[in-house]
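Asker: I'd like to go over a predicted model; first the sequence, then the structure.
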Amino acid sequence: MIPARLSLIVPALLALAPSAAAAQEPVVEDTAFQVPVDAPAYPRGTGPLVLLDEAHHNVHSLTGFYRPFGDLLRADGYRVAALREPITPSAVAAASVIVISNALPAATQEEADTLGSAFTGDEIEVLLGWIRGGGALLLFVDHRPFPRAAKDLAIRLGLEMLDGYALDYEVWDPIIFSRDRGTLGMHPILEGRVPEERVDSVATFYGHAMRALVPGVQPLLILGRDIESMHPAQLWDIGDETPRVSVAGWLQGAALVMGQGRVVVYGEAAMAVAQLAGPQRQPRGMNTSIGAQNAQLLLNTLHWLTGDLPKP
């Protein structure tokens, strides 16, 4: 069961799982949220094509919680559309960037928690070949059970993902990555094209911990010393006796070059939403004061993936 002290936090996170959210306080999209893009990368509707995966039981869609993310990219000039079919050469041929957020092998987190990969072996091979040929992947993988669903793909990308919940158990606050704390890496994504696009602080809402298995993985978001990976017997059944391991120095954001293509992986997905949670309609995601620079991080990420920022 969910500890009582988490009652104001967990509803927003469980919005990622429709079956679990049904019994929780309502979480809705913040329809008033907008991020002005003062210097769009492209004239509106003329930029590279970005496809958001909606074919793998993804709860994030362009008509759902990732609508603000899609709107942000369109304001920057990108063309944005949904990918509603399996990953095949013809399905991804026209895309410059594929975004995959919280893919699952089943419709609910509870069912997916007992299953394996969200992707077939053929889909992974097609995706990796497409990247090496010049494509770009932006992958969001949240807390358990999403790392398990992405494990096969992650290993091929050179990443180990812990199938748990990354958090500071003593406070349960969102995780803040900042230059002051030394938890932001050194990468063009964090610098932007001009000084005004520099990112100094990023907020995530738990997610999971990952680490590099191969050279060439560049850290973006580095977990601090108080962050642990919690591994309960059941989803969200987190308490004092829950097995845990320190993940200080592990990552929640990483970038890598693969052949002619580029990849960015974030170990948390609510960083790209704009939600209002619970009866107090508390902001969650890009619409929070602590996540005020999340939108710029996402724009910088797309700029790097499409070659508008240099390789590190």
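Answerer: Great, that's in hand.
Asker: Now do the longest strand along the chain, average pLDDT.
Answerer: For the chain, the strand with the greatest residue count under DSSP state E is strand 251-258. In this model, strand 251-258 has an average pLDDT of 98.
Asker: Show me what the next helix or strand after it is packed against.
Answerer: Once the chain leaves strand 251-258, the next helix or strand it forms, by DSSP states H and E, is strand 261-266. For strand 261-266, the helices and strands in contact under the criterion 3 or more CB pairs under 8 Å, 6 or more residues apart in numbering; DSSP states H and E are helix 121-132, strand 136-140, helix 146-157, strand 218-222, strand 251-258, helix 294-305. Where C-beta positions appear, they are placed from N, C-alpha and C, glycine not excepted.
Asker: And the fourth one, what does it pack against?
Answerer: Using 3+ CB pairs under 8 Å, 6+ apart as the contact definition, the elements that strand 218-222 packs against are strand 251-258, strand 261-266.
Asker: Of all these, which one is nearest Gln109?
Answerer: Distance to Gln109, taken as CB to CB, is lowest for strand 261-266 among the helices and strands packed on strand 218-222, at 18.6 Å.
Asker: What pairs with that closest one, parallel or antiparallel?
Answerer: Strand 261-266 sits in its sheet next to strand 136-140 (parallel), strand 251-258 (antiparallel), going by DSSP bridges.
Asker: which residues touch the longest strand of the chain?
Answerer: Outside of strand 251-258, the residues within contact range by CB atoms under 8 Å, 6 or more residues apart in numbering are 128, 131-132, 157-159, 166, 175, 177, 185, 187, 189, 202, 204, 207-212, 216-223, 262-268, 304, 311-312.
Asker: Just the buried ones out of those, please.
Answerer: 128, 131, 157-159, 166, 175, 177, 185, 187, 189, 202, 204, 207-212, 217-223, 262-268, 304 (16 or more other CB atoms under 10 Å).
Asker: Identify each buried residue in stretch 171-184, please.
Answerer: For stretch 171-184, the buried set under the neighbour-count rule, 16+ other CB under 10 Å, comprises 174-175, 177-178, 183-184.
Asker: With only the CA atoms kept, save stretch 189-196 in PDB.
Answerer: Output in PDB follows, covering the C-alpha atoms of stretch 189-196 (Å, rounded to 0.1, in the frame of the first residue of the first chain):
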ATOM      1  CA  ILE A 189      22.500  20.200 -24.600                       C
ATOM      2  CA  LEU A 190      23.100  22.000 -21.300                       C
ATOM      3  CA  GLU A 191      24.700  25.000 -23.000                       C
ATOM      4  CA  GLY A 192      22.300  25.700 -25.800                       C
ATOM      5  CA  ARG A 193      22.900  27.600 -29.000                       C
ATOM      6  CA  VAL A 194      23.300  31.000 -27.200                       C
ATOM      7  CA  PRO A 195      23.800  32.000 -23.600                       C
ATOM      8  CA  GLU A 196      20.100  32.600 -23.100                       C
END
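Asker: How about Thr46: what's its closest non-neighbour residue?
Answerer: With sequence-adjacent residues excluded and distances taken as CB to CB, 6 or more residues apart in numbering, Thr46 is closest to Gly77, at 6.0 Å.
Asker: and the gap between the one you found and Met271?
Answerer: When distances are taken as CB to CB, to the nearest Å, Gly77 and Met271 turn out to be 22 Å apart.
Asker: more crowded one of those two?
Answerer: Between Gly77 and Met271, Met271 has the larger neighbour count (other CB atoms under 10 Å), namely 29 against 17.
Asker: Now do the same contact list for the more buried one.
Answerer: Taking CB under 8 Å, 6+ apart as the criterion, Met271 is in contact with 140, 202-205, 285-286, 291, 294, 297-298.
Asker: likewise His57?
Answerer: Remark: with contacts taken as CB under 8 Å, 6+ apart, His57 is in contact with 103-107, 112, 118.
Asker: at 6 Å what do you get?
Answerer: When the contact criterion is CB atoms under 6 Å, 6 or more residues apart in numbering, the partners of His57 are 104, 107.
Asker: So it lies in a helix, does it not?
Answerer: No - if the criterion is DSSP: H, G, I helix; E, B strand; the rest coil, then His57 is coil and not within a helix.
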